[in-house]
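Trainee: sequence plus predicted model, see below.
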Amino acid sequence: MQTEALIAYLDDYLCVRDIPDYRDAFNGLQVQGRSETHRIAVAVDACLATIEQAVAAQADLMIVHHGLFWGPRAPLTGAYYRRVATLIRNEIGLYSCHLPLDTHPEVGNNHVLARLLGLTVCGTFYRFESVDIGVRAETELFRPALVDRVRAVLQVEPKVIPTGPEVVRRVGIVTGGGGSGIAQADAAGLDTLITGEGAHHTFFEAEERGLNVLYAGHYATETVGVRALGEHLKQHFGLEYVFLDHPTGL
């Protein structure tokens, strides 16, 4: 497939021009690669380890959730140089989709995780500028049963703040660093928040608001979207894809 056509499809499918993102986060094609794409590598992070895995997998294009460019542009030296040089030397393109991949209704991290957990999405919450990042879902499960599902789906041991009801009925999901969403979860009438990570003080915020919080890892909660996007491109275009796993434990 012509890479230019694939990039145009991704831009439209993920609505990268319409979804706002954090300051200096760049969504879309970050590094140009080969003119044709036959094999895609998907990963959570664009780090040297995953880039080297993409080389070994003979990928033509990497699609990642966390790209190369955040904050002030760094000089091309040291570790930053090695990442970019390895991509260019091997003619591997790099495409990044951050909040567009969190919010997407089909392959987005939050919607996909809700489906994998067997929860029924009934709306959205966790506002960022003009869009809601997280999803609201309904269920009726004892808290330990929900924890078991998270453990089984993500293959992690979630850190549980069990300060909400024993029977879980209204769940919010914000993958990644969504610990700051406890107040918004409470305002949305939720009793439980599933996210990746949060700060120390979020224990007290959850406790005082009467919410359960499950911290299942920033990395682990965001593996589901890139996998779903890879599968979508396989089904839609017949492209091969490989998931590059490089867990951080965080």
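Mentor: Sure thing, it's come through.
Trainee: which residues of the chain fall in strands?
Mentor: Secondary structure of the chain by DSSP state E: the strands cover 28-31, 39-45, 61-66, 93-96, 120-128, 131-142, 159-162, 167-174, 192-195, 212-215, 240-243.
Trainee: looking at those strands, which is closest to Thr77?
Mentor: strand 28-31 (16.8 Å; Cβ to Cβ). Any C-beta I mention is one placed from the backbone N, CA and C, and that applies to glycine too.
Trainee: quick one: distance of that closest one to the chain centre.
Mentor: 17 Å (Cα atoms, centre = their mean, to the nearest Å).
Trainee: for it, which strands pair with it and how are they oriented?
Mentor: strand 93-96 (antiparallel) (DSSP bridges).
Trainee: deepest-packed of the strands of the chain, please.
Mentor: Sort these by mean neighbour count, taking mean count of other Cβ atoms under 10 Å, and strand 192-195 sits at the top with a mean of 30.
Trainee: tell me how many other residues surround Leu250.
Mentor: Residues lying near Leu250 (other Cβ atoms under 10 Å) number 10.
Trainee: dump the residue contacts of it.
Mentor: Residues near Leu250 by Cβ atoms under 8 Å, 6 or more residues apart in numbering: Glu197, Gly217, His218, Tyr219.
Trainee: from Phe142, how far off is it?
Mentor: 28 Å (Cβ to Cβ, to the nearest Å).
Trainee: quick check: the spatially closest residue to Ala79 that is not a sequence neighbour vs Leu214, distance?
Mentor: Once flanking residues are discounted, Ala79 sits nearest to Leu48: 6.7 Å by Cβ to Cβ, 6 or more residues apart in numbering. Separation of Leu48 from Leu214 (Cβ to Cβ) stands at 31 Å.
Trainee: center of the chain, which residue is that?
Mentor: Among the residues of the chain, the one closest to the centroid is Glu222, at 3.3 Å (Cα atoms, centre = their mean).
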